[in-house]
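**Student:** Starting from these lines, generate the structure:
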Amino acid sequence: MKGSLQPLRVVEREIGQSAHLGERLLLLKTALVPFSSSTLPAQANIVSTMSSREIAELTGKRHDHVIRDIEKMLDDVSLDHPNFGGVYVDAKGEQRKCYNLPKNLTLNLIAGYRAAIRLKIIDRWLEMEKAKAAQLTPP
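**Tutor:** Modelled structure (predicted):
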């Protein structure tokens, strides 16, 4: 239709990489673009996540305990483990299991943790969202 607004879709694209806790993380730039399959890059479906290793570091919990908590939570909400699973290389060069959780599952996980621990995770999410928003601000 002439003069009508075109539907928009949020699209994220990789603009660099950052090392945090020894893991490779993508830095993303978000933009609103006209909706069409030709304007959606392959990275459009990338969702911000927090790794089980970062959760362990922020909470002071052992990583294997965080893994146990995540697996129990995923079972409790009937979600498949492989959808969130990942691998990292430890200090000995061996591959180890980890999980990468989107914000809603991270917050669900920590709902059972002490208030001080929950606050650390929530503050980290706010920090990540602020950094992401700063990338959208033109120089």
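
**Student:** Go through the biggest helix by length in the chain and flag the buried ones.
**Tutor:** The residue-count maximum for a helix in the chain (DSSP state H) belongs to helix 115-136. Of all the residues in helix 115-136, those buried under the rule 16 or more other Cβ atoms under 10 Å are 117-118, 120-121, 124, 128. The way it works is simple: take the backbone N, C-alpha and C, and place the C-beta from them, glycine included.

**Student:** Now pLDDT too, for these, in TSV please.
**Tutor:** Compiled in TSV, these are given as follows (pLDDT from 0 to 100):
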residue	pLDDT
117	90
118	91
120	92
121	92
124	91
128	88
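
**Student:** sec struct for residue 101, please.
**Tutor:** In three-state terms, and counting by DSSP: H, G, I helix; E, B strand; the rest coil, residue 101 is strand.

**Student:** Just give me the neighbour total for it.
**Tutor:** Residue 101 is surrounded by 22 other residues when neighbours are defined as other Cβ atoms under 10 Å.

**Student:** now do residue 54
**Tutor:** Count around residue 54 with other Cβ under 10 Å applied: 23.
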